[in-house]
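Trainee: Sequence first, predicted coordinates after that:
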Amino acid sequence: MPVSVADSGGEVRPIFLTGLMGTGKTTVGRLLAARIGAPFVDLDTRVERMFGHTIPELFAAGEPSFRAAESHALRTLLAEPAFAARDVVVATGGGVVLDPTNRDAMARTGTIVWLDAPPTVLAERLASTASSRPLLAGAPLPERLAALASERAAAYRDRAVRVAADAPAQEVVERVLATLPGAVR
């Protein structure tokens, strides 16, 4: 049976999942959307469709160029008619929160949920795909993830509800639901 999720005023609000790569934004997002009977949007997939290139291809043009594409994809999503008035779960890219304008827009529109897990857990989850992720090049995986977590912590924390994502995805969904205002199980 779907769960109803609304803010404390009874209004439906989009849920934006943020966090480092490997925290389960897409997996948790799909499960959460199914649980509450809402559509699911993967922002990385939207970026790829809008720009006709994969994330690594877009990243090859430089991180600033990729971040601009990511911000554009978010803005167009938020501008869709009645977007803010729907139940919808959005898995954002891990770096979308780096732009304060993006954080402001997400916070005004919905609830930001920061999925957080220790770098050692993330390294284990990402071991088989790390070579295809542009930001993971250069340093041993746990150290690189720890550096990214440290660099981004303030942005992730900004106006977000923190949820520990160090458990199986279904358990993380339950943790997310427990933090949302107005969730009726």
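Mentor: Structure's in. What do you need?
Trainee: Residue 161 pairs with what?
Mentor: residue 113 (DSSP bridges).
Trainee: same question but for residue 89, I mixed them up
Mentor: residue 15, residue 40.
Trainee: My guess is it contacts residue 40. True?
Mentor: Yes. The pair residue 89 / residue 40 is scored as a contact, 5.2 Å apart, by CB atoms under 8 Å. C-betas here are computed from N, CA, C, even on glycine.
Trainee: Which of these two has more residues huddled nearby?
Mentor: More neighbours surround residue 89 than the other of residue 89 and residue 40, with 27 against 17 (other CB atoms under 10 Å).
Trainee: pLDDT score for residue 118?
Mentor: Note for residue 118: predicted pLDDT of 94.
Trainee: State the number of residues packed around residue 125.
Mentor: By the measure other CB under 10 Å, the count of residues near residue 125 is 18.
Trainee: give the contact list for it.
Mentor: Under the criterion of CB atoms under 8 Å, 6 or more residues apart in numbering, the contact partners of residue 125 comprise 22, 24.
Trainee: Could you report the separation of it from residue 77?
Mentor: 26 Å (CB to CB, to the nearest Å).
Trainee: Ok, residue 34 next?
Mentor: Taken as CB to CB, the span from residue 34 to residue 77 is 20 Å.
Trainee: Looking at the two, which one has more neighbours?
Mentor: Higher neighbour count among residue 34 and residue 77: residue 77, with 20 against 13, using other CB under 10 Å.
Trainee: you'd agree that one is up against residue 86?
Mentor: No. Using CB under 8 Å as the test, residue 77 is too far from residue 86 to be in contact (11.2 Å).
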